[in-house]
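*Asks:* Mind folding the following:
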Amino acid sequence: MRQLHSIIIVKGRVHGVFFRASAKNTADHLGIRGQVKNLPDGSVWIAAEGEAHAMEQFIAWCWEGPPLANVTDVTVTAGELQNFEGFKVIH
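*Replies:* Numbers count the residues shown, from 1 in each chain. Below you'll find the predicted structure:
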């Protein structure tokens, strides 16, 4: 199985709406490994790794986010595999 690594930046109303916790739940469900954290500019940064199909589903979820979010932009940049273990929320 081909593993992909992506850096995902999600913009919009994504702080204070359980975006990070929801991202972790979604990642765990899809078998995605990585990290998620809030950035000072109000966006969310995600480093994600997983099988290509699961990554497509995860990125599609990032465009939606949890119910209270209002996502306005998602940028995805490919990167080198970091071999994360699990998916962690960084505070």
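*Asks:* From here on, just use CA atoms for contacts and neighbour counts.
*Replies:* OK.
*Asks:* what are the ranges of the helices in this protein?
*Replies:* Here the chain has its helices, by DSSP state H, at 19-30, 52-64.
*Asks:* Output those helices as TSV; include the columns distance to N38.
*Replies:* Listed next are these as TSV, based on distance: least, CA to CA, whole Å:
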stretch	distance to N38
helix 19-30	8
helix 52-64	14
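*Asks:* same question for stretch 14-23, mean pLDDT?
*Replies:* Mean pLDDT, stretch 14-23: 98.
*Asks:* List the buried residues of that stretch.
*Replies:* V14, H15, F19, R20, S22, A23 (16 or more other CA atoms under 10 Å).
*Asks:* go on, stretch 53-63?
*Replies:* Of the residues in stretch 53-63, those buried (16+ other CA under 10 Å) are A54, M55, F58, I59, C62, W63.
*Asks:* Quick one: those as TSV, columns for distance to R33 and pLDDT too.
*Replies:* Output for the buried residues of stretch 53-63, formatted as TSV (distance: CA to CA, whole Å; pLDDT from 0 to 100):
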residue	distance to R33	pLDDT
A54	11	98
M55	10	98
F58	11	98
I59	13	98
C62	15	98
W63	18	98
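*Asks:* nearest spatial neighbour of Q57, skipping sequence neighbours?
*Replies:* L30 (7.9 Å; CA to CA, 6 or more residues apart in numbering).
*Asks:* what sits against the one you found?
*Replies:* Residues counted as contacts of L30 (CA atoms under 8 Å, 6 or more residues apart in numbering) are A54, Q57, F58.
*Asks:* Pull up the pairing partners for the longest strand along the chain, direction included.
*Replies:* With DSSP state E setting the assignment, residue counts place strand 3-13 as the longest strand in the chain. Strand 3-13 has its sheet partners listed here by DSSP bridges as strand 44-51 (antiparallel), strand 70-78 (antiparallel).
*Asks:* Deepest in the core, which of those strands is it.
*Replies:* Compared across the strands paired with strand 3-13, strand 44-51 shows the largest average neighbour count, a mean of 23 (mean count of other CA atoms under 10 Å).
*Asks:* Okay, and the beta partners of the spatially most central residue of the chain?
*Replies:* By CA atoms, centre = their mean, the chain has its centre lying nearest to I46, at 4.3 Å. Applying DSSP bridges to I46 gives these bridge partners: I8, V36.
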